[in-house]
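Peer 1: Sequence and predicted structure below; questions after.
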Amino acid sequence: MNRRRAIAVLALLGALDATYLLLGKLGITGGYVCSVTGGCEVVNTSPYSEFLGIPVAAIGLLGYLAILIVALAAIQPRWLADRRPDILLGLLAGVAVAFSLYLTYVELFVLRAVCQWCIVSQLIIIVIFVLSLVGLRTPVSDSRHSMSG
């Protein structure tokens, strides 16, 4: 259960990060604080900052909220011994990691600029994905007798 709680906390942090990026994209915050890499404006105003007309940050926010909802549901007693939440978390995080890898490629090799807030999001989703995979590897019989899974 601690792993699922960690996923929930990470998803909340990812949602906050995505919200910050979205508010900047929409012009609500007036830009980004990008002290480490200096490429946040370049990345988040590029044509690649939207996918099918939707801001990538909005897609990220929705993805993190979906993961948060599943992770919070998964820590409820009735789901503790069930592997299905881990499968769903793994699928959601896997799709997000694949999309994130594409966006990282675009940042590095197309735009030649890096957004530190995007890196934070990428690291968060990778950790969520790894934790989800750990959940898939844990035998169901072990999770019934353990409150740590």
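Peer 2: Arrived safely, thanks for sending.
Peer 1: buried ones in the top helix by length along the chain?
Peer 2: Under DSSP state H, the helix in the chain containing the largest number of residues is helix 2-25. Residues of helix 2-25 classed as buried by neighbour count (16 or more other C-beta atoms under 10 Å): 3-4, 7-8, 10-15, 17-22, 24-25. Just so you know, the C-beta spots here come from the backbone N, C-alpha and C atoms, and that holds for glycine as well.
Peer 1: again, but for stretch 49-67
Peer 2: Buried residues in stretch 49-67 (16+ other C-beta under 10 Å): 49, 55-61, 63-67.
Peer 1: same deal with stretch 73-87?
Peer 2: Quick answer for stretch 73-87 (16+ other C-beta under 10 Å): Ala74, Ile75, Trp79, Leu80, Pro85, Asp86.
Peer 1: Among the residues you listed, which lie within helices?
Peer 2: Per DSSP H, the subset of those in helices is Ala74, Pro85, Asp86.
Peer 1: which outside residues touch stretch 108-121?
Peer 2: Stretch 108-121 is contacted from outside by 14, 17-18, 20-21, 32, 34-40, 42-44, 46, 48, 60, 100, 103-104, 107, using C-beta atoms under 8 Å, 6 or more residues apart in numbering.
Peer 1: so which helix or strand takes in Ala96?
Peer 2: helix 84-105 (DSSP states H and E).
Peer 1: looking at this protein, which helix or strand is least sure?
Peer 2: helix 140-145 (a mean of 45; mean pLDDT, DSSP states H and E).
Peer 1: For the ones in helices among the buried residues of stretch 73-87, could you give me JSON lines that also reports pLDDT and distance to Ser132?
Peer 2: Below are those laid out as JSON lines (pLDDT from 0 to 100; distance: C-beta to C-beta, whole Å):
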{"residue": "Ala74", "pLDDT": "94", "distance to Ser132": "10"}
{"residue": "Pro85", "pLDDT": "93", "distance to Ser132": "9"}
{"residue": "Asp86", "pLDDT": "92", "distance to Ser132": "6"}
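Peer 1: export those residues to JSON lines and tack on distance to Ile128?
Peer 2: Converted to JSON lines, those look like this (distance: C-beta to C-beta, whole Å):
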{"residue": "Ala74", "distance to Ile128": "12"}
{"residue": "Pro85", "distance to Ile128": "13"}
{"residue": "Asp86", "distance to Ile128": "12"}
